[in-house]
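**Student:** Fold the stuff below for me.
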Amino acid sequence: MERRHALLPGSGRPGKRDATRIRAADADERLEVTVELRGPALPDPDDLPADGLSPEEFEAAYGATREDADETTRVLRGFGLAVDDVSLATRSLRVSGTVSAMDAAFRANLGIYRSPDQGDFRGREGELHVPAELDGIVTGVFGLDQRRVAQRKAAAAPSSLSPLRPEDLEARYNFPPGDGAGQRIGIAEFGGGYYPDDMRAYCTRHRRPMPAVQLVSINLEPQPWEEIKAHPRDQRAFELLEAGEVMMDVQIVAGLCPASEITLYFATFDQKGWVDLLDRVIRDRPVALSVSWGMAEDSPDWSRAGRRAINQRLSAAATLGITVCVAAGDDGTGDQMDDGRAHVDFPSSSPFVLAVGGTMLTGGGPDVVEEAWWVKPGYRDGEGGGSTGGGVSTIFHRPRWQDVTVASLNADSIDGRVVPDVAALAGPPQYDLTLRGRHEVNGGTSASTPLWAAMIARVTAALDGRQRFLTPLLYQPGPDGQPRGRIACRDVTAGQNASHPHPGKGYAAGAGYDAVTGWGAADGVALLEALR
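**Tutor:** Now for the predicted structure:
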């Protein structure tokens, strides 16, 4: 007798825009998925606790029930699937089995697709279904479709000024004294590898101690240099870019917080990778997580269920007092979309993260000015162009604590969450780095984001380790009655972020909060005083 199934809400996905289905997936191929379970409603952005909950408190208040986990396990085993791990705190089951078993359990109709940017990958189209017994219990299934939903946010551009070293960053952003001792900083990576020799060379050149760096493979192994060298030329060049992303992130953090414990989390760049990585971060509870990756929030490559699952985990992180710092994007208001509308990047548009925009330095000598990062044509064109992301979400409503007045460039937009919250150097003259033993210069909001993660660690250490989600605090009144963000950041009043030709318009920086650089560039000592 055929098993009855029920539609899984939010699971629908169109075919990847540039991909063609070339054949059915191999029925005997084995794969792993993450199955998400229901649970108590997580706090909304305006009801987060003042201090982060402990992991034990969080699981007791918001975890899935053992009964739901056991019933899901029983039903899925009936389809020949194995349940390899259960986490009640993150409401997740790791489930493995063959393509044919997955197709039977979730009616996925898995196929192999081919696209210019991703090559051959396993994918699907349409809605998923779950066994009728699990209707309302299972809320998401991630990992069936391997399409990419994480793009790196990094860009290089020439400048007449020298790239900034760790001591230059400490001086420009007025870091409070310290080295990050006692703090754990996480860094999310969806590709690339970590090279200790480059870290050692970087630390030697800048007279910083070698940090403790832990590598955590979620469902992706970091790529060794010898493996990258063996690949064809075009693939090798792409993988070197991703390796440069990893080394930029970790070197910026290490240069500013050399005594902190730095954890690099490596995961696949699909929705499952995001979900699994955040599940592990929730378990580890670092003071900050730096995320230099994302994609336009309304890209059709996100499923509604996937975006919701990621946002729920970001809510969980904020409830635990983790500040997830996310790059606002490097392609201005177009955000790699060409439909003539303004877009913002996800997950930076989530109300449960600190969205980090980008600045650049112009002028010279004592006349150096920090303004919004914009280099013609306002998006990454391969020739040094780029611009900070920023704008108004069309998906996430503006939380009450974000009491700012910014109108969307899209006439039919909701009163959405405004991005970014803060900013730091992303454009020229960028950052002084080391890659494969050579001096390297790079930037983008990929770089401003780990800088802010390091700032949070330094400030938290000075506050005796009191761990809190920072973002709402920036909008609340400080000791003098002004928003803390106004006190804790240097206002950036010049510049804009229009990408051309799509949409050909942008937001303007100005006095106070704006949708280009948020409250402005960090002033660490002022931030520390505002949070005391």
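
**Student:** Show me the strands in the stretch 1-150 of the chain, by range?
**Tutor:** Remark: strands assigned in the stretch 1-150 of the chain by DSSP state E, counting those that start in this stretch are 5-7, 20-24, 30-37, 82-87, 92-98, 111-115, 119-123, 129-131, 138-142.

**Student:** For P224, find the nearest of these.
**Tutor:** Across the strands of the stretch 1-150 of the chain, the minimum distance to P224, taken as C-beta to C-beta, is reached by strand 119-123, at 20.7 Å. Backbone N, C-alpha and C define where each C-beta goes, glycine included.

**Student:** any idea how far K505 is from the residue lying closest to S448 once chain neighbours are set aside?
**Tutor:** Excluding its sequence neighbours, the residue lying closest to S448 (C-beta to C-beta, 6 or more residues apart in numbering) is A424, at 3.7 Å. Separation of A424 from K505 (C-beta to C-beta, to the nearest Å): 25 Å.

**Student:** higher neighbour count, those two?
**Tutor:** The residue with more neighbours, out of A424 and K505, is A424; 28 against 16, by other C-beta atoms under 10 Å.

**Student:** Can I get the strands of the stretch 1-150 of the chain in TSV including mean pLDDT?
**Tutor:** Converted to TSV, the strands of the stretch 1-150 of the chain look like this (pLDDT from 0 to 100):
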stretch	mean pLDDT
strand 5-7	98
strand 20-24	97
strand 30-37	98
strand 82-87	98
strand 92-98	98
strand 111-115	97
strand 119-123	96
strand 129-131	98
strand 138-142	98
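
**Student:** Any chance of CSV for these, columns mean neighbour count?
**Tutor:** Shown next, in CSV, are the strands of the stretch 1-150 of the chain (neighbours: other C-beta atoms under 10 Å):
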stretch, mean neighbour count
strand 5-7, 15
strand 20-24, 12
strand 30-37, 21
strand 82-87, 16
strand 92-98, 22
strand 111-115, 19
strand 119-123, 17
strand 129-131, 22
strand 138-142, 25
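
**Student:** Quick one: residues in contact with the helix or strand bottoming out on mean pLDDT in the chain.
**Tutor:** Least confident element among the helices and strands of the chain, by mean pLDDT, DSSP states H and E: helix 225-229 (a mean of 81). Here helix 225-229 makes contact (C-beta atoms under 8 Å, 6 or more residues apart in numbering) with 193, 195, 236, 239-240, 243, 436.

**Student:** helix or strand right after it?
**Tutor:** Using DSSP states H and E, the helix or strand that directly follows helix 225-229 along the chain is helix 233-256.

**Student:** For the helix or strand just after that next one, which helices and strands make contact with it?
**Tutor:** Counting by DSSP H and E, the element after helix 233-256 in chain order, helix or strand, is strand 261-266. The helices and strands touching strand 261-266, judged by 3 or more C-beta pairs under 8 Å, 6 or more residues apart in numbering; DSSP states H and E, are strand 184-189, strand 212-217, helix 233-256, helix 271-284.

**Student:** Buried deepest among these, which one?
**Tutor:** Of all those, strand 184-189 has the most neighbours on average by mean count of other C-beta atoms under 10 Å, namely a mean of 26.

**Student:** For that strand, which outside residues touch it?
**Tutor:** So strand 184-189 is contacted by 222, 245-246, 249-250, 253, 257, 260-267, 277, 281, 284-293, 450, 453-454, 457 (C-beta under 8 Å, 6+ apart).

**Student:** need the contact list for the closest residue to E133 other than its chain neighbours.
**Tutor:** Distance criterion C-beta to C-beta, 6+ apart; nearest residue to E133, sequence neighbours excluded, is V75 at 5.1 Å. Contact analysis of V75 by C-beta under 8 Å, 6+ apart lists 131, 133-134.

**Student:** what's the spacing between V75 and A69?
**Tutor:** The value you get for V75 to A69, if C-beta to C-beta is used, is 11 Å.

**Student:** follow-up on the earlier one: looking at the helices and strands packed on strand 261-266, which is nearest to R13?
**Tutor:** Of all those, helix 271-284 comes closest under C-beta to C-beta, at 9.4 Å.
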